[in-house]
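>>> based on what follows, work out the 3D shape:
(2 chains)
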2 protein chains.
Amino acid sequence: MIRTLLRTTKTGYVQLNQRSIRFTSTAPKKVLTVETMHPLVRNVEYAVRGALPIRAEALSQQLKKDPSKLNFERVVFCNIGNPQQLNQKPITFFRQVASLCENPELLKAENRELVSKLYPSDAIARAEVLLKNIGSIGAYSHSKGITHIRENVAKFIERRDGYAANPDHIFLTQGASEGVQKVIQLLTQDKTSGVMIPIPQYPLYSATLALVDAAPVPYYLNEKENWGLGIEDLKASVDKARKEGVDVRALVIINPGNPTGQCLSEENIREIIKFCHEERIILLADEVYQTNIYQPKRRPFHSFKKVLMSMGPEYTNQELFSFHSTSKGMIGECGRRGGYFECVNIDPEILEQVYKISSVSLCPNVHGQIMVDLMTNPPVEGDVSYPQYKAEVDSIYESLRRRASKLANSFNNLEGVTCNEAEGAMYLFPRIRLPKKAIEAAKEANMAADTFYALSMLDATGVCVIPGSGFGQEEGTYHFRSTFLPEEHLFDKFCTSLEEFHSSFLNKYRD
Amino acid sequence: MIRTLLRTTKTGYVQLNQRSIRFTSTAPKKVLTVETMHPLVRNVEYAVRGALPIRAEALSQQLKKDPSKLNFERVVFCNIGNPQQLNQKPITFFRQVASLCENPELLKAENRELVSKLYPSDAIARAEVLLKNIGSIGAYSHSKGITHIRENVAKFIERRDGYAANPDHIFLTQGASEGVQKVIQLLTQDKTSGVMIPIPQYPLYSATLALVDAAPVPYYLNEKENWGLGIEDLKASVDKARKEGVDVRALVIINPGNPTGQCLSEENIREIIKFCHEERIILLADEVYQTNIYQPKRRPFHSFKKVLMSMGPEYTNQELFSFHSTSKGMIGECGRRGGYFECVNIDPEILEQVYKISSVSLCPNVHGQIMVDLMTNPPVEGDVSYPQYKAEVDSIYESLRRRASKLANSFNNLEGVTCNEAEGAMYLFPRIRLPKKAIEAAKEANMAADTFYALSMLDATGVCVIPGSGFGQEEGTYHFRSTFLPEEHLFDKFCTSLEEFHSSFLNKYRD
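From the prediction side, this is the model:
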């Protein structure tokens, strides 16, 4: 039989005279294979949940079965900003309200006496207001999100910025990610549509552009300037792309930065807006870390909406989408998938299109919507729950700030490592200088050198970080991203284990 | 100025010698307009949340402001299967468990005495098991869904079908819609990839195919045979598409049917599987209405998985994706966005790709996942909560069955209307014969005739149904889809108002 003469490849194809042919005589292949699947989906990469976390998951399972074979007691997931996975406590008031909405039986008159011993009066009152406006949380809501909650989001934006917001221009989403995916899909047209993304970037952006087959137009953040960005770099990047025939339509800014942690000054934001206005580029402002600000005097948070509005009527044509989430800040309710985006100066016909496309998924989940309500409308001074709410938020905030600073110090004490301090967000992105021998060993293992380093770290310490190549970095440099979310009582141990690993790695591969 | 000589179109373009040019001198247009947006998004249609429901929403607002101008007291949303919007009560046990997971403070020792007066012991025990396996519900879970819950889903499938299910082949999703969208995106390749969809169909399928730019390959359900489907029709449809160069890859079956309510016999399912196996077509089984079965003896539910497994080893290469949801059945927890799909006989490398693409959205919301756990693992005989659970489920079921039958009778009593009984699901899809004058009046109003009818119904009665053209129907026939979900104590009034509208509409347009 001819088949026996041919080399069968891993995927079940046989090589014959340079042409792949399919053999179906005895074991027909599947219809759906990596060869026949959608090439855009195949090409997507998503490092923060890629090879490293998959290996970490396997180690975690191994620890449960046979801990004796590993040199560590726990796997520490620093691959993603997932605070409650690392035991950050949820905000009590938020969970109280959410649980009452979930079980309205508790609000019935006959249960009131008991329930008032378990719940503060303002949590009960808030749940009643929400249920009055929502009806049952088990029903599909309006596809844009519940009107009452969008009104509360508008008031929040108004308080934050000092400028009005229109609830009809706000769309609630399942986390910021869903909003970003929808908006990018909508505003690109074909392969030639370009969206500017920072390098390093959060891989949601490159993944989404790959999925919709649009062109990423990279601009580099300057590591030496604490990951700041210069207008001349933006300009050079646009010019280059346009020369290559790319229709540059939008600019993504992540502020505070992810993975880089920088926080933009008001002046810098104004320059960026001017630049976009001149170049006719839509702004996508990813502002999910707007309350994760660790140097609030020197670098407070300014929203793009506020700065844009302050620039006067000349800028009323500057289109802006601004994204927010309930997953970050001091809330960390990632599992709930809550978020919103605000459309500023967007064509009314486009708002209708956003609504239409939202309706295909029916509605964002109502629990996420409730968390958006709570995030944008928390207890205020005078409320029964305010003291506890404030104490919880302050305690998480102070602890994050301490851990950010401690981890940056620890990285900066490592041989060949430099690390900018985090002005915001939840991550550090240290640069590591790797010895040639390590780079060669990585090559032999068929891996990027920073992946090799991160994998060695994981196997030695149980700490899962993400190599810089997952975010993009300047050619010839190596980084990794780590959250600073491990619990504070374990933090010194965490830093020590990284230090020990680093020096033994360097000793092993020293040139 | 030349501009004054030109006709400005609605969208801000001016017409000049048949060519559109853009004027930017004084009022520059937006970068993002319906002309520049993604054409695939622009082309999507989604009737169940389209023009009719938008008008219904407006009427609902008007009722609040000035009810005197309208002839009805309430807008009745029959456009979508959204039971809790129409006051269907949630299942008590499910909400109890969910609220305990939401507020784990309630499970602390110091609160136990009080909480045991509000919650049955099995709800408390279930919440403890879930939290032990989940950790905090505020954390991102595994992108495939929580392992413990996927294990419970696998056991549920095993109990249902009598054949093993692998938890690693199960993906939890945000409602069935998200699963369908992911799978269709993955299994198409380009414009020439075809997916067979029933006509009439649930518009999620046509919308998703439009978004990924793949080819819908319609096959017609036979209204005279109670919306059954014949293999010869499937074959003719595939052959025709293949002749036109379409690479037919998958067949969507909605069973029980939406909008048509038919429930397939085991024999028919076996024929369909044989057909797909011969033609090398992947099966997508939308089985979200699997417990909405109203003639259980004559037409019980058979899952495609079960029938496929029963056909023996010859069929181990037949690829199948099966979708389920927490939004339907007697649960009706639509707002939570919970669901799952099972991959049967799918290439392992494709499973990895599904995982990768799921990870870009991080995870399905955890509340939806918890509801999947409860749906697939409800109280059983002997549990404290079982009697109440059973009573609630039975009562919803019996009432749905009564309402389905009552509404079909009511439709069949209308002049020129015929309506098949619902064997399953939540909808009726009556055929209406419209007088020529009505068809002409619709043409004048620039509307499909069934849209004209449905809009007239909405304005006269406040009842919002969806015209058949939103689902597809045989050329020259007119239908509409209505849920039978209005509350039972209002149901006679609901039927009467439809009857009154219909006869006055016919009298107005009688030829």
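>>> so what's A:Q290 up against?
A:P256, A:F301, A:S303, A:H324, A:G329 (CB atoms under 8 Å, 6 or more residues apart in numbering or on different chains). Every residue, glycine included, has its C-beta placed from N, CA and C.
>>> tell me the domain boundaries of chain A?
A:43-86+A:388-509, A:140-376 (the TED database).
>>> re earlier: let me know the closest of the contacts of A:Q290 to chain B.
For the contacts of A:Q290, the residue nearest chain B by CB to the nearest CB is A:G329; the value is 12.3 Å.
>>> out of the contacts of A:Q290, who's the most crowded?
Neighbour counts for the contacts of A:Q290 (other CB atoms under 10 Å in any protein chain shown) peak at A:H324, which has 30 neighbours.
>>> most tightly surrounded among the domains of chain A?
Of all these, domain A:140-376 has the most neighbours on average by mean count of other CB atoms under 10 Å in any protein chain shown, namely a mean of 21.
>>> pLDDT value on the residue nearest in space to the middle of chain A, please?
With distances taken as CA atoms, centre = their mean, the residue of chain A nearest its centroid is A:Y202 (6.3 Å). On pLDDT, A:Y202 comes in at 93.
>>> ok, it touching A:I466?
No. If you go by CB atoms under 8 Å, A:Y202 and A:I466 don't touch, sitting 10.7 Å apart.
>>> name the residues of the helix or strand hosting A:E128 that come out as buried.
In the assignment (DSSP states H and E), A:E128 maps to helix A:121-134. Within helix A:121-134, the residues that qualify as buried by neighbour count (16 or more other CB atoms under 10 Å in any protein chain shown) are A:D122, A:A123, A:I124, A:R126, A:A127, A:L130, A:L131, A:I134.
>>> mean confidence score for whatever helix or strand comes next after that helix?
Next helix or strand after helix A:121-134 toward the C-terminus (DSSP H and E): helix A:147-161. In this model, helix A:147-161 has an average pLDDT of 98.
>>> before we move on, back to that, export the domains of chain A to JSON lines and append columns for distance to B:G179.
Listed next are the domains of chain A as JSON lines, based on distance: least, CB to CB, whole Å:
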{"stretch": "domain A:43-86+A:388-509", "distance to B:G179": "18"}
{"stretch": "domain A:140-376", "distance to B:G179": "11"}
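>>> these: which one's closest to B:D213?
Across the domains of chain A, B:D213 has its closest neighbour in domain A:140-376 (9.9 Å, CB to CB).
>>> which bits of the stretch 301-450 of chain A sit near chain B?
A:317, A:319, A:327, A:332-337, A:345-347, A:349-350, A:353, A:356-357, A:359-368 (CB under 8 Å from any CB of the partner chain).
>>> show me those that map onto helices.
Among these, the ones falling in helices (DSSP state H) are A:E349, A:I350, A:Q353, A:K356, A:I357, A:S359, A:V360, A:V366, A:H367, A:G368.
>>> okay, the residues you listed in a markdown table with pLDDT and distance to B:T477 next?
Formatted as a markdown table, these follow (pLDDT from 0 to 100; distance: CB to CB, whole Å):
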| residue | pLDDT | distance to B:T477 |
| --- | --- | --- |
| A:E349 | 95 | 33 |
| A:I350 | 97 | 35 |
| A:Q353 | 95 | 31 |
| A:K356 | 93 | 26 |
| A:I357 | 93 | 30 |
| A:S359 | 91 | 26 |
| A:V360 | 89 | 26 |
| A:V366 | 97 | 37 |
| A:H367 | 97 | 42 |
| A:G368 | 97 | 41 |
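>>> tell me the contacts of the residue in the stretch 401-511 of chain A positioned nearest to chain B?
Nearest residue of the stretch 401-511 of chain A to chain B: A:L485, at 10.9 Å (CB to the nearest CB). By CB under 8 Å, 6+ apart, A:L485 lies in contact with A:C78, A:G81, A:N82, A:P83, A:L86, A:Q88, A:L400, A:R403, A:M426.
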